[in-house]
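>>> sequence first, then the predicted structure, then my questions.
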Amino acid sequence: DTGVSQDPRHKITKRGQNVTFRCDPISEHNRLYWYRQTLGQGPEFLTYFQNEAQLEKSRLLSDRFSAERPKGSFSTLEIQRTEQGDSAMYLCASSLTIAGLNEQFFGPGTRLTVL
Amino acid sequence: GESVGLHLPTLSVQEGDNSIINCAYSNSASDYFIWYKQESGKGPQFIIDIRSNMDKRQGQRVTVLLNKTVKHLSLQIAATQPGDSAVYFCAETRAGTYKYIFGTGTRLKVLA
């Protein structure tokens, strides 16, 4: 257990529905990241926050995806009008940058299945 | 739990032998490299990292080697144990950006 928690662990939804995932990072960590992982692939970067500011977004993050970190602590990732291609594991990670080091600690992920 | 890496390259190693897992990274500007271990149903777990000003770093039972000339990274696991069975990913990043770029991964199977 890295100290990063995600909820829910599994989500099954029908195409067209909206879903929201939550990530609670390690409490003192100022950076929070979202990645997506499909079977047989490594995680792909989606977006990251420094405190409450969203500083970078991947081209993978279409208009249907939105992420927030309103108080610089937990974060939510919402997918609107889900598509079957959204089925994947959504991973959250957090880090505390000290002296240039940036080790990212990952949560267990939320497995999304879109029917 | 679900299976990670159904179609990944697989390395099968006898218990007690040493394992070497290789990774080719993509960006010559990358200056920080990390190895992660991922077991089924879990998120990636940090193993060891190395900065580009080094070519070797050792941890407990693990060693990472970096060859910047050919953009190659390797992870050596000494005296491989059944608990080492997992999928291993290398990741790269560079100063000024905080996202990690992950490789495709290698499944390690430890044979008893």
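That came through fine.

>>> most centrally placed residue in the chain?
Just so you know, I chose chain A. Note on chain A: the residue nearest the mean C-alpha position is residue A:34, at 3.0 Å, using C-alpha atoms, centre = their mean.

>>> oops, I was thinking of chain B
residue B:35 (3.8 Å).

>>> rewinding a little: surely the residue nearest to the centre of chain A is within a strand?
Yes: according to DSSP: H, G, I helix; E, B strand; the rest coil, residue A:34 belongs to a strand.

>>> sheet partners, orientation included, of the host helix or strand of residue B:74?
For residue B:74, the host element (DSSP states H and E) is strand B:72-77. Strand pairing for strand B:72-77, using DSSP bridges, gives strand B:19-24 (antiparallel), strand B:62-67 (antiparallel).

>>> tell me what angle the very next helix or strand once past that strand forms with strand B:72-77.
Sequence-wise, the next helix or strand downstream of strand B:72-77 (DSSP H and E) is strand B:86-93. Strand B:86-93 and strand B:72-77 are oriented at 140 degrees to each other (axes from the mean of the first three to the mean of the last three C-alpha atoms, to 10 degrees).

>>> ok, the residue nearest to the centre of chain A touching residue A:77?
Yes: Residue A:34 is within contact range of residue A:77, at 5.4 Å (criterion: C-beta atoms under 8 Å). Heads up, the C-betas are built off the backbone N, CA and C, glycines and all.

>>> shared neighbours, those two?
Shared contacts of residue A:34 and residue A:77 (C-beta atoms under 8 Å, 6 or more residues apart in numbering or on different chains): A:23, A:46, A:67, A:90, A:92.

>>> what's the neighbour count on the fourth one?
The reference is to residue A:90. Using other C-beta atoms under 10 Å in any protein chain shown, residue A:90 is surrounded by 24 other residues.

>>> so how many other residues sit close to residue A:94?
Neighbours around residue A:94, by other C-beta under 10 Å: 26.

>>> please report the distance of it from residue B:20.
31 Å (C-beta to C-beta, to the nearest Å).

>>> which other helices and strands contact the strand or helix carrying the residue nearest to the centre of chain B?
Residue B:35 belongs to strand B:32-38 when elements are defined using DSSP H and E. Using 3 or more C-beta pairs under 8 Å, 6 or more residues apart in numbering or on different chains; DSSP states H and E, the elements in contact with strand B:32-38 are strand B:45-51, strand B:62-67, strand B:72-77, strand B:86-93.

>>> next SSE after the last one?
Remark: after strand B:86-93, the chain's next helix or strand is strand B:101-102, criterion DSSP H and E.

>>> give me the sheet partners of that next one and which way each runs.
Applying DSSP bridges, one finds strand B:101-102 paired with strand B:86-93 (antiparallel).

>>> show me which residues of the strand it pairs with are buried.
Going by neighbour count (16 or more other C-beta atoms under 10 Å in any protein chain shown), the buried part of strand B:86-93 is B:86, B:87, B:88, B:89, B:90, B:91, B:92, B:93.

>>> could I get the contacting residues of the second one?
What that stands for is residue B:87. B:4, B:5, B:8, B:37, B:38, B:39, B:105, B:106, B:107, B:108.

>>> tell me the secondary structure for the third one?
Under the three-state scheme (three-state DSSP), the conformation of residue B:8 reads as coil.

>>> okay but it is in contact with residue B:103, surely?
No: using C-beta under 8 Å, residue B:8 is not in contact with residue B:103, being 10.3 Å away.
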